[in-house]
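Trainee: Fold the following, please.
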Amino acid sequence: MTRNNPDPDHPQDAPAEHEDAEQAGANDQPDEAKKDSGNDQQKQGEETRKKRRPTVLIIAIIVIIVLALGGIYYWLSTANIESTDDAYTDGRAISIAPQVAGRVVSLDVTDNQFVRQGTPLIHIDPRQFINDRDQAQGVLETAKAQLTGQKLGAEIAGKNFPAALQAAQADLASAQANLTRREADFARQKSLPKQATTQQEIDSANAALLQAQAQVLQSQARVVQATPVQQNIGQAQAQVGQLSGQVDQAEARLHQAELNLSYTVVKAEHDGWITKRNVEAGNYVTAGQQIFSIVSPEVWITANFKETQLNLMRPGQSVAVKVDAFPDLDLHGHVDSVQLGSGSKFTAFPPENATGNYVKIVQRVPVKIVIDSGLDPTVPVPLGISVTPTVTVK
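Mentor: Residues are numbered from 1 along each chain as shown. The predicted model follows:
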């Protein structure tokens, strides 16, 4: 096979060169078109970015304004409030204890039951106390009978003693008259001559005189004995007073016996819920032994604020309270009072800051918060659960 001559002047090579030129021109045209198309896309991207710049700037300004307003709102909403999570519900828990000892014969309530004031809780065996009451009743009746008799005796004494004095005085007068007569008889016998009388008559007159003198002395003694009329009457009346006091003592013993009998039924002193039940039917209880606690419906908040939070806190300021156990409760109240002393001051062993090295510790002071609204009667709030109060101090 004959190889073509590569000489460009050769006439057979002209068509090939023409084809190569056309092919090269065809290859150059797409590159230029691509370059023009890239320039157009770049221009369009720059125009799009120019159009987007005001929108992005507006969004950024809006975001900055929203953040600034949110910060201002947060500052304004928190500038005048004080809050603490060291707070809990508080209330009155009344300890119930029997006032007499005995065996429990009836238990009338159960755990966490709501009771009204005066509701019987337990019954203690009353037989011993019934016997004590009956015995005290008998002692009282005896004392009253003795008092009645003594009152009658005092009335009689008021009449007998004056009469006895008068009788003694009359006997004395009679004895004195008899003495006068006997003295005259003796004097007459002594003055008679011996022929006109006998020694026997003289001795008889002398004996009668001596007897009359003795009767006078005896009557005088009776008068002396009967003279303190008022004293004797007063003594009788004093005995009346003594017996009257015994009657009062007997009545007091009867009242105490009746009171002890009433104590055999232990009743609720307040409305509330039975808690910490510590008794069963058949147990022997003693006076003063705690067997129940009754939690009253009244509930408040005890919040232990730091001492640095008390500068602007005053009674009457409004409080919002959130209860951890019941998130749906929206409680509102007010500051009732601030305890005049930190919690550490009332501990069993208060700190002695005047001894040893001193390290300053921020103290907490209990604040009582009264709940005004938000409690649900169907949802009793237990005592001691955690709450978060927020006080508006201005």
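Trainee: what residue ranges in the stretch 51-200 of the chain score low on pLDDT?
Mentor: Residues of the stretch 51-200 of the chain that meet the criterion pLDDT under 70 lie in 51-52, 76-78.
Trainee: Show me the domain layout of this structure.
Mentor: As recorded under automatic domain parsing, the domains making up the chain are 83-125+272-392, 127-262.
Trainee: Residue 68 is nearest to which of these?
Mentor: domain 83-125+272-392 (24.2 Å; C-beta to C-beta). Yep, even glycine has a C-beta here, placed from its N, CA and C like the rest.
Trainee: Run the chain-centre distance for the closest one.
Mentor: 10 Å (C-alpha atoms, centre = their mean, to the nearest Å).
Trainee: Can you read off the backbone torsions of the residue nearest to residue 321 when sequence neighbours are not counted?
Mentor: Distance criterion C-beta to C-beta, 6 or more residues apart in numbering; nearest residue to residue 321, sequence neighbours excluded, is residue 331 at 3.9 Å. Main-chain dihedrals, residue 331, degrees, to the nearest 10: phi -90, psi 140.
Trainee: isn't residue 331 right up against residue 300?
Mentor: No - Residue 331 is beyond contact range of residue 300, at 10.6 Å (criterion: C-beta atoms under 8 Å).
Trainee: any residues in contact with both of the two?
Mentor: residue 371 (C-beta atoms under 8 Å, 6 or more residues apart in numbering).
Trainee: gap between the residue nearest to residue 321 and residue 250?
Mentor: Distance of residue 331 to residue 250, given as C-beta to C-beta, to the nearest Å: 58 Å.
Trainee: who's more crowded, those two?
Mentor: residue 331 (23 against 20; other C-beta atoms under 10 Å).
Trainee: Show me which strand runs longest in this protein.
Mentor: What stands out as the longest strand in the chain, according to DSSP state E, is strand 292-306.
Trainee: which parts of that one are buried?
Mentor: Within strand 292-306, the residues scored as buried using 16 or more other C-beta atoms under 10 Å are 292, 293, 294, 295, 299, 300, 301, 302, 303, 304, 305.
Trainee: ok, now stretch 172-184?
Mentor: Quick answer for stretch 172-184 (16+ other C-beta under 10 Å): 172, 175, 178, 179, 182.
Trainee: for stretch 183-197, same thing?
Mentor: Applying 16+ other C-beta under 10 Å to stretch 183-197 flags 185, 186, 189 as buried.
Trainee: so what's residue 275 up against?
Mentor: 93, 111, 112, 292, 293, 294, 295.
Trainee: try 7 Å
Mentor: 112, 293, 295 (C-beta atoms under 7 Å, 6 or more residues apart in numbering).
Trainee: between the residues you listed, which is nearest residue 162?
Mentor: Looking across these and measuring by C-beta to C-beta, the closest to residue 162 is residue 293, at 69.3 Å.
Trainee: Please tell me I have it right and the closest one contacts residue 277.
Mentor: No - counting by C-beta atoms under 7 Å, residue 293 stays clear of residue 277, with 8.5 Å between them.
Trainee: Quick check: mean pLDDT of stretch 216-235?
Mentor: Average pLDDT, stretch 216-235: 83.
Trainee: what does that stretch rub up against?
Mentor: Contacts for stretch 216-235 (C-beta under 7 Å, 6+ apart): 157-158, 161-162, 164-165, 168-169, 171-172, 175-176, 179.
Trainee: Between the two ends of that stretch, how far is it?
Mentor: 29 Å (C-alpha to C-alpha, to the nearest Å).
Trainee: So which bits of it are buried?
Mentor: In stretch 216-235, counting by 16+ other C-beta under 10 Å, buried: 216, 219, 220, 222, 223, 226, 229, 232, 233.
Trainee: Name the SS class of the third one, please.
Mentor: Just to be clear, that refers to residue 220. helix (DSSP: H, G, I helix; E, B strand; the rest coil).
Trainee: any idea how far it lies from residue 375?
Mentor: 94 Å.
Trainee: Also the second one?
Mentor: Using C-beta to C-beta, we find residue 219 at a distance of 95 Å from residue 375.
Trainee: Tally up the residues packed near residue 255, please.
Mentor: 13.
Trainee: I'd like to know how far it sits from residue 133.
Mentor: 10 Å.
Trainee: before we move on, what about residue 294?
Mentor: With C-beta to C-beta as the criterion, residue 294 and residue 133 are 29 Å apart.
Trainee: what do you get for residue 172?
Mentor: Relative to residue 133, and taking C-beta to C-beta, residue 172 is found at 57 Å.
Trainee: Skipping its backbone neighbours, what lies nearest residue 261 in space?
Mentor: Closest to residue 261 by C-beta to C-beta, 6+ apart is residue 129, at 4.2 Å.
Trainee: returning to that earlier point: strand partners of the next helix or strand along the chain from the longest strand of the chain, parallel vs antiparallel please.
Mentor: Counting by DSSP states H and E, the next helix or strand C-terminal to strand 292-306 is strand 318-323. Looking at strand 318-323 with DSSP bridges, its partner strands are strand 330-338 (antiparallel), strand 387-392 (antiparallel).
Trainee: Out of these, which one sits most buried?
Mentor: strand 387-392 (a mean of 20; mean count of other C-beta atoms under 10 Å).
Trainee: and residue 29, what pLDDT?
Mentor: For residue 29, the predicted pLDDT is 50.
Trainee: could I get the domains of the chain as TSV with distance to residue 54?
Mentor: Output for the domains of the chain, formatted as TSV (distance: least, C-beta to C-beta, whole Å):
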stretch	distance to residue 54
domain 83-125+272-392	43
domain 127-262	91
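Trainee: closest one to residue 61 among those domains?
Mentor: domain 83-125+272-392 (33.8 Å).
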